[in-house]
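Q: Here is my input; please provide its structure:
(2 chains)
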Amino acid sequence: MKKLSKENIQFIETYLENSDVYYADIRMEMTDHVASAIESKMELENSDDFYSVFKNYMVENKANLLQNKRKFLRDVDKSITKRLFKIVIQPSSIVVTILMCYVCFRFLSYVEKDQLISIISWFPLLSIFPIFVLYGITLNIYRLSRFSGVERLAFVYVFFYQLLNLFTIFLHKNLQSETINYLAIAITSALMITFTKALLELSYKMIKQYRTDYKLKS
Amino acid sequence: MANTKLYKGSLVTIILKLLKESDKMYGYEITQKVKTLTNGELNITEGALYPALHKLESEGLLDVEVKKVDNRLRKYYKLTEKGNKETAHKLQELQDYIKTMQALVNLKLSFE
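A: Just a heads-up that it's a prediction; the model follows:
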């Protein structure tokens, strides 16, 4: 069986990366698939011309390969949403929500209105902090590549950040009114804390999963 | 080539069955195995195979293992315990379907 050289493999990988296959996990699998197909073709045609076989293969299969990428990302998004929802409804999260609701409600009764406005304005900024921690850990400490799950999780964070912005607008309006609904503020705060916990838990699980799955065995 | 629409609904069962027969398999290997077993009648495309594999993986039916083979990384899939149970269930479902279809196709109408 004919085998491709390191340079040939690198060529396939660069080609896929230039075709917008950014994520390391999906590109790795596609590279292996294309390389295996080319090796078989070269063997069958008894050819040593990698570039010619590669070109012919891509003309025939590129659309199919990129279709795979799009479906893959849709599945990743679906999987993230499902896993996040599962964490939010698990017993420990429900306990955290109830506990946080109580703590927030008690806390609100001790805090002055002006102080509360100042604290709340820090919420969006604080909420973006976990994403920096996540990227710091994955990219610098574990030196993970751009894995789809971790990167798509960033979209959830951005969505969450926007949600928090809305939440703070609601709180500011509530605090400016004559009758402040402390219970509503406490419940919303508790839900936000639970969601942050769920996001962090999922991030941790994903990083752990990638590190286990991609721990190379030769 | 075969009518792919007819096979589409059975893709997951085909994948699970092949993985049950061997310890672990990678994507390209699955496509080639199907081609060989069906004498080239059925050709699974990358656009159909990998999304199905990833779905099965996210459902916990498949486990993955990454190995360095011939200058590149290769992702192997194998059945989990849950996957083994699901394979038996899917195969039973498919057999029932084939039986029903055979009964319909082989039906001899009384006025014939």
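
Q: So which residues make contact with the longest helix anywhere in chain B?
A: In terms of residue count, the longest helix belonging to chain B (DSSP state H) is helix B:81-105. Applying Cβ atoms under 8 Å, 6 or more residues apart in numbering or on different chains, the set of residues contacting helix B:81-105 from outside is B:10, B:12-13, B:16-17, B:19-20, B:56, B:60-63, B:79. Heads up, the C-betas are built off the backbone N, CA and C, glycines and all.

Q: 7 Å instead, please
A: Helix B:81-105 is contacted by residues B:Ser10, B:Val12, B:Thr13, B:Leu16, B:Lys17, B:Lys20, B:Gly60, B:Leu61, B:Leu62, B:Leu79 when judged by Cβ atoms under 7 Å, 6 or more residues apart in numbering or on different chains.

Q: Flag every buried residue along the helix or strand hosting A:Tyr102.
A: Assigned by DSSP states H and E, A:Tyr102 belongs to helix A:91-110. Across helix A:91-110, burial judged by 16 or more other Cβ atoms under 10 Å in any protein chain shown covers A:Ser93, A:Val96, A:Thr97, A:Met100, A:Cys101, A:Cys104, A:Phe105, A:Leu108.

Q: what pLDDT does A:Glu178 get?
A: Predicted confidence (pLDDT) for A:Glu178: 68.

Q: hmm, back to that, possible to save the contacts of helix B:81-105 as a markdown table with pLDDT, distance to chain A and neighbour count?
A: Putting these into a markdown table (pLDDT from 0 to 100; distance: Cβ to the nearest Cβ, whole Å; neighbours: other Cβ atoms under 10 Å in any protein chain shown) gives the following:
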| residue | pLDDT | distance to chain A | neighbour count |
| --- | --- | --- | --- |
| B:Ser10 | 86 | 18 | 16 |
| B:Val12 | 93 | 14 | 19 |
| B:Thr13 | 94 | 19 | 19 |
| B:Leu16 | 95 | 17 | 23 |
| B:Lys17 | 95 | 21 | 14 |
| B:Lys20 | 95 | 21 | 14 |
| B:Gly60 | 88 | 11 | 12 |
| B:Leu61 | 94 | 13 | 24 |
| B:Leu62 | 94 | 11 | 23 |
| B:Leu79 | 96 | 16 | 21 |
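
Q: ok, now which ones touch the residue most central in space within chain A?
A: For chain A, A:Leu153 is the residue whose C-alpha lies nearest the centre (Cα atoms, centre = their mean; 1.9 Å). Counting by Cβ under 7 Å, 6+ apart, A:Leu153 makes contact with A:Ile80, A:Leu202, A:Ser203, A:Met206.

Q: Return the member of the buried residues of helix A:91-110 nearest to chain B.
A: Nearest to chain B among the buried residues of helix A:91-110, counting by Cβ to the nearest Cβ, is A:Ser93 at 20.3 Å.

Q: can you point me to the longest helix in chain A?
A: Chain A, longest helix under DSSP H: helix A:50-88.

Q: Pull the number of nearby residues for the nearest residue to A:Cys101 once chain neighbours are set aside.
A: In space, and not counting its chain neighbours, A:Cys101 is closest to A:Ala190: 3.8 Å by Cβ to Cβ, 6 or more residues apart in numbering or on different chains. Neighbour count for A:Ala190, taken as other Cβ atoms under 10 Å in any protein chain shown: 20.

Q: Inside helices: which ones of the contacts of A:Leu153?
A: A:Ile80, A:Leu202, A:Ser203, A:Met206.

Q: returning to that earlier point: and which of the contacts of helix B:81-105 is nearest to B:Thr36?
A: B:Lys17 (14.3 Å; Cβ to Cβ).

Q: what's the one helix or strand that closest one maps to in contact with?
A: Following DSSP H and E, one finds B:Lys17 within helix B:11-21. Contacts to helix B:11-21, defined as Cβ under 7 Å, 6+ apart, come from residues B:25, B:30, B:33-34, B:48, B:52-53, B:56, B:77-79, B:83-84, B:86-87, B:90-91, B:94.

Q: can you pull the alpha-carbon coordinates of that helix into CSV?
A: The C-alpha trace of helix B:11-21 is given here as CSV (Å, rounded to 0.1, in the frame of the first residue of the first chain):
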residue,chain,number,x,y,z
LEU,B,11,-27.4,4.0,7.9
VAL,B,12,-27.2,4.1,11.7
THR,B,13,-28.0,0.4,11.9
ILE,B,14,-25.4,-0.4,9.2
ILE,B,15,-22.7,1.5,11.2
LEU,B,16,-23.7,-0.1,14.5
LYS,B,17,-23.7,-3.6,13.0
LEU,B,18,-20.2,-3.1,11.4
LEU,B,19,-18.8,-1.8,14.7
LYS,B,20,-20.3,-4.8,16.5
GLU,B,21,-18.5,-7.1,14.2
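
Q: All set now, cheers.
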